[in-house]
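>>> turn this into a model:
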Amino acid sequence: MHETALMYDILRTLEASAEENNIEEITELKLVIGSLSSILPDALRFAFDSFKGSPPLAKDAVLEIEERKPEALCKSCGCSFTIEDPWKFFCPQCGGADIKIDGGEELYIEYYKGRERTVDSKEN
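As a prediction, the model looks like this:
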């Protein structure tokens, strides 16, 4: 289950960003995941939940995941379309298989929100 390792890396990135931005705890996180990325959203949610309460995540932190489907362009007829089924890479207009795929493999942090560090928490 590589999602646990992915979430660990995401949290390390967030921890560094939170430190730079004076954020004590992250309360909300939105990730964007491409449907062709081989990342299982439920496994990523499970990993996220297992890290709650540990820095930088607040125990009540919320994860939102947006799954993005890849877009495609048929080189034969010029039709632009969304690939709904990752096993069917055919143009819905002409049935052609000569398509250019754009996206679908992404994984990135769209945004995060958190509680600012107070003066008292810096001293502790």
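
>>> contacting residues for I23?
Going by C-beta atoms under 8 Å, 6 or more residues apart in numbering, I23 touches S17, P56, G114, R115, E116, R117. In this view, the C-beta of every residue, glycine as well, is placed from N, C-alpha and C.

>>> beta-bridge partners for it, please?
E116 (DSSP bridges).

>>> before we move on, back to that, in TSV, list the contacts of I23 along with pLDDT and distance to K69.
Shown next, in TSV, are the contacts of I23 (pLDDT from 0 to 100; distance: C-beta to C-beta, whole Å):
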residue	pLDDT	distance to K69
S17	96	28
P56	92	30
G114	96	30
R115	95	34
E116	93	36
R117	88	38
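
>>> out of the residues you listed, what pair is the most spread apart?
S17 and R115 (14.3 Å; C-beta to C-beta).

>>> tell me how far T82 lies from E71.
Distance, T82 to E71, using C-beta to C-beta, to the nearest Å: 6 Å.

>>> closest to K30 out of the contacts of I23?
When the contacts of I23 are compared against K30 (criterion: C-beta to C-beta), the nearest one is G114, at 12.6 Å.

>>> in this structure, where is pLDDT below threshold?
The chain contains residues with pLDDT under 70 at 1, 120-124.

>>> which residues belonging to the longest helix along the chain are considered buried?
Ranked by residue count under DSSP state H, the longest helix found in the chain is helix 2-20. In terms of neighbour count (16 or more other C-beta atoms under 10 Å), helix 2-20 has its buried residues at E3, L6, M7, I10, L11, L14, E15, A18.

>>> isn't the first one up against I33?
Going back to what we said before, that points to E3. No. Taking contacts as C-beta atoms under 8 Å, E3 lies outside contact range of I33: 10.1 Å.
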